[in-house]
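Trainee: Next one to model:
(2 chains)
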Amino acid sequence: MGETQTFLIYRNSGNGDIHYDKFEVPLSKRMSILDALFYIQDYLDSSLAFRYACRGAICGSCGMTIDKVPLLACRTQISTIKTERKPVNLPEFKFGASFVWDSENEILIEPLPNMAVLKDLVVDMKPFWKFYREVEPYLTREWNDVAPESSQSPNQMKKIERLVYCILCGLCWACPVSKENPKYLGSAQLAKADRFIRDSRISDERQKSVFTRVLKDDAVPACEKFFVCNRVCPKGVMPGTAIKDIRDNRSGD
Amino acid sequence: MRVEEFDVLIVGAGLSGLRAGLELSKEWNAAVISKVYPVRSHSGAAQGGINAALGNLDEGKGDTPKGHAFDTVKGSDYLADQDVVMFMCEEAPKIVVEFESMGAPFSRLDSGLIAQRPFGGAGFPRTCYAGDRTGHTLLHTLNEQSVRHGVTFFDEFFIIDLFQANGRIAGLIALDIVKGEVVSFRAPYIILATGGFGRIFKYSTNAVINTGDGVGAAFRAGIPMQDVEFVQFHPTTLYGSNILITEGARGEGGYLFNTEGERFMKATAPKTMELAPRDIVARANETEVNEGRGFENAYVHLDLTHLGAERIKERLPGIREISIYFAGIDPIEKPIPVQPGQHYSMGGIGTKFEGDYGETDLPGLYTIGECSCLSVHGANRLGGNSLLETSVFGRYIGRRLIEKGLPEKASSSEVQNSEDKKLGEIEELLKRWNNNSGKKPVEIRIEMGETMNRNVGVYRTQDDLEKAVKTIPRLQKQFLNTHVLTEDRKFNYGLIRTLELRNMLDIAEATACASLWRKESRGAHFRTDYPSRNDDDYLVHSMIYRGKDGLEIKTKPVKLGVFEVKERKY
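Mentor: This next block holds a predicted model:
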């Protein structure tokens, strides 16, 4: 066998048994963390649970904590994980079991922080989707299929472009506020609200309704400006900046 | 066992399934079942755009739905059914305007109208886009509207099999991935919208989840696979991971180069160059490598460097991100290494000759989107037509079923008997897998993928195809004795992937068989031993059934009549 890589992986049966397992994975060229997890599931332990879909960083399924940093497993390369620059000033993420980790040589895989674990690396996304629905992330215009389409200038579109890139992966829930306050709507959700607030096609009434929701105590005012979300977002959405923009917009009213 | 009852079930929550769900939820008790959360569906990975003859650019003013239909039929190498193509292209401007009214964030022209870009095989710039993340934005838009309208979802439910009663569809058995329970969903109408199945190949742009679960379930229920020999190999997939590099990169002006620094498309398609249809460009790429003009004997270069940093950042930001993260290359500075890879399945669940679009031979069972074969793409799909197909037929099927109304309720004892029988078979299967001592599913999956790539790839020959036609049934046999733990079913992805393999083996077997049968070259199906098209014998759809002694092939006529069948030249 050629070169191998050791993985230290958080395991949780969902019945109270939490521990870390070690796996040796033979390396292949350009192997991603997700590739390695598939290797483990295919050859070493078919019960290892993790979510996946596109393997191309667009579906948002495979968010997890890798070497203590929330990342997309598919986009993270094994060859550079130990050397690449990490986001700074991240909170320490703990998952409720003790372990010994040789951080220079072993890759540590844990679930996303601040979400309940259902099994191994699979977290409960229900609160994430509930809060997503709560910001009412949509336009309420009547559907119309008669050309011409409603007009929007390239500049107006630019204002929402960055926000539209959000893939709802949940990495930004690494926010310390999400940890302390389970009622906090969350960074992705507020960025989504901003995406609609800033859309030139939204009606005044609708805009007001989204504003009203996100200006409640458990939303924009709860943000403590850590900007962890901006630093971990894999798509450059900058949710923290979106939250700031919502706040500034209000004071401009 | 948990039993759920609905008027209609939609399996799959990509663009097809979501659009159908939105339409049907207006009137009926409808549910959308998907093995992943809707926004994880592979529609979200579509990059380039969605075609519609809107004529928003000055150069596009002369464009018409009929012109779009002609390009589609010609691109299909005349195998597409012309009535359904006309319908799709006439619906196209409406469906794009509808997306916009829902809130889809399209890229815009200075006029404020939706921007359009040129795409391969198209007479006008008619591909509407949102940067290079069109699928992502459309998928999120439909998901948002589904939230708004309160569509019912069963997320993380895996379809195992269909069951019938009183001569029509009666329901499906699914695995609740979260709870690990088998659940029965009863409904008089089922729409399969489970997407592509490119994972039967080793090298594919498709998501890991694109395993043809609806196709497999329908096939086991006696519904044929249609035209599955037509597999689109995308000319530009990233070397290594085979992640898609959009045709939009060439639409924006990207060049293809070999090791000798030649734009080799000049020899194959002097007029359209890099924007010839995908099958033609894919073969040209493969030829360069086969004839020793590829880099590392494996890939060619897609060069965007001359477009400049600003244009790349504005029009192709996703491509830049993919190249940087997955290949360590910034396309502003260096060419992208690309190779052909399986990308799209023109074939799929067979449909009725005279029926509603998407109707199968089993009353009550319908199919739309990539898993289906309607056939709008014939032997080769044009870029920008797949996003279009999903939403046009999602909306259509919803409206059509509501027009038809609900059938009389089937006798519940017959439904229950059929359900119990199917459930028994499934439990038997899972028990066997658990107690078996044969190969691991992964070993079979890898051999299947390698076989398909080696023997049923871009260039096909009798010898190679005969090998595949022997290998896949051998793998089917091994699969009967495969071993995977099935007792603890909660988030048991090992089990899910084995159920997926069960579907993929059937599709791979049918694909190899149909490819061997079709002794001609048409669109994406290229036989080096039969290099030309043979309309006398093969201007027909292939229909593959599971007979008692293996696969059986029948044919179905192609619907012609709008455009004359001609030689296809670019």
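
Trainee: contacts and neighbour counts: CA atoms only from here.
Mentor: Noted.

Trainee: Could I get the phi/psi values of the residue in chain B that chain A sits nearest to?
Mentor: Relative to chain A, the nearest point of chain B is residue B:207 (4.0 Å; C-alpha to the nearest C-alpha). With angles defined as degrees, to the nearest 10, residue B:207 sits at phi -60, psi 160.

Trainee: Tell me which helix or strand comes right after the helix or strand that contains residue A:5.
Mentor: Using DSSP states H and E, residue A:5 maps to strand A:4-12. Where DSSP H and E defines the elements, the next helix or strand beyond strand A:4-12 is strand A:18-26.

Trainee: Tabulate the CA atom coordinates of whichever helix or strand comes after that following strand in PDB.
Mentor: Going down the chain from strand A:18-26, the next helix or strand is helix A:33-39, by DSSP H and E. This file holds the C-alpha atoms of helix A:33-39, laid out as PDB (Å, rounded to 0.1, in the frame of the first residue of the first chain):
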ATOM      1  CA  ILE A  33     -11.900  15.000   2.500                       C
ATOM      2  CA  LEU A  34     -15.300  13.800   1.000                       C
ATOM      3  CA  ASP A  35     -13.400  11.200  -1.100                       C
ATOM      4  CA  ALA A  36     -11.700   9.900   2.000                       C
ATOM      5  CA  LEU A  37     -15.100   9.600   3.900                       C
ATOM      6  CA  PHE A  38     -16.500   7.600   1.000                       C
ATOM      7  CA  TYR A  39     -13.400   5.400   1.100                       C
END
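
Trainee: Which residues outside helix A:33-39 are in contact with it?
Mentor: Residues from elsewhere that reach helix A:33-39, judged by C-alpha atoms under 8 Å, 6 or more residues apart in numbering or on different chains: A:25, A:55, A:62, A:73, A:74, A:75, A:76, A:77, A:78.

Trainee: so how far is that helix from its chain's centroid?
Mentor: Relative to the chain's own centre, helix A:33-39 is displaced by 19 Å; criterion: C-alpha atoms, centre = their mean, to the nearest Å.

Trainee: In it, which residues are buried?
Mentor: A:33, A:34, A:35, A:36, A:37, A:38, A:39 (16 or more other C-alpha atoms under 10 Å in any protein chain shown).

Trainee: got it, and stretch B:56-73?
Mentor: Across stretch B:56-73, burial judged by 16+ other C-alpha under 10 Å covers B:56-57, B:60, B:63-73.

Trainee: Kindly report the same for stretch A:90-108.
Mentor: When burial is assessed from 16+ other C-alpha under 10 Å, stretch A:90-108 yields the following buried residues: A:90, A:93, A:95, A:106, A:107, A:108.

Trainee: residues touching residue B:512, list them.
Mentor: Taking C-alpha under 8 Å, 6+ apart, one finds B:229, B:452, B:456, B:465, B:468, B:469 in contact with residue B:512.

Trainee: I misspoke; the intended subject was residue B:6.
Mentor: B:29, B:30, B:31, B:185, B:186, B:187, B:188 are the contacts of residue B:6 under C-alpha under 8 Å, 6+ apart.

Trainee: and the third one, that's in a helix?
Mentor: Yep, that's residue B:31 we're talking about. No - read with DSSP: H, G, I helix; E, B strand; the rest coil, residue B:31 is strand and lies in no helix.

Trainee: possible to save the buried residues of stretch A:90-108 as a markdown table with secondary structure and pLDDT?
Mentor: Output for those, formatted as a markdown table (DSSP: H, G, I helix; E, B strand; the rest coil; pLDDT from 0 to 100):
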| residue | secondary structure | pLDDT |
| --- | --- | --- |
| A:90 | coil | 96 |
| A:93 | coil | 96 |
| A:95 | coil | 95 |
| A:106 | strand | 98 |
| A:107 | strand | 98 |
| A:108 | strand | 98 |
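
Trainee: which one among those residues gets closest to chain B?
Mentor: Taking C-alpha to the nearest C-alpha as the measure, chain B lies nearest residue A:107 of the buried residues of stretch A:90-108, at 18.7 Å.

Trainee: any idea how far the residue lying closest to that closest one once chain neighbours are set aside lies from residue A:23?
Mentor: Nearest non-adjacent residue to residue A:107, counting by C-alpha to C-alpha, 6 or more residues apart in numbering or on different chains: residue A:7, 4.8 Å away. Noted for residue A:7: a distance of 5 Å to residue A:23, by C-alpha to C-alpha, to the nearest Å.

Trainee: can you check residue B:56 too?
Mentor: Computed as C-alpha to C-alpha, the residue B:56 to residue A:23 distance reads 56 Å.

Trainee: Also residue A:215?
Mentor: The gap separating residue A:215 from residue A:23 is 47 Å, by C-alpha to C-alpha.

Trainee: May I have the distance across stretch A:76-93, first residue to last?
Mentor: 19 Å.

Trainee: that older thread, residues near the residue of chain B closest to chain A, how many?
Mentor: Other residues near residue B:207 come to 23 when the count uses other C-alpha atoms under 10 Å in any protein chain shown.

Trainee: what's around the residue nearest to residue A:107, how many residues?
Mentor: The burial count assigned to residue A:7 is 22, neighbours taken as other C-alpha under 10 Å.

Trainee: and if you look at the one 3 residues further on?
Mentor: Using other C-alpha under 10 Å, residue A:10 has 22 neighbouring residues.

Trainee: Looks like it contacts residue A:17 (just checking).
Mentor: No - in this structure, residue A:10 is not within contact of residue A:17 by C-alpha atoms under 8 Å, at 10.7 Å.
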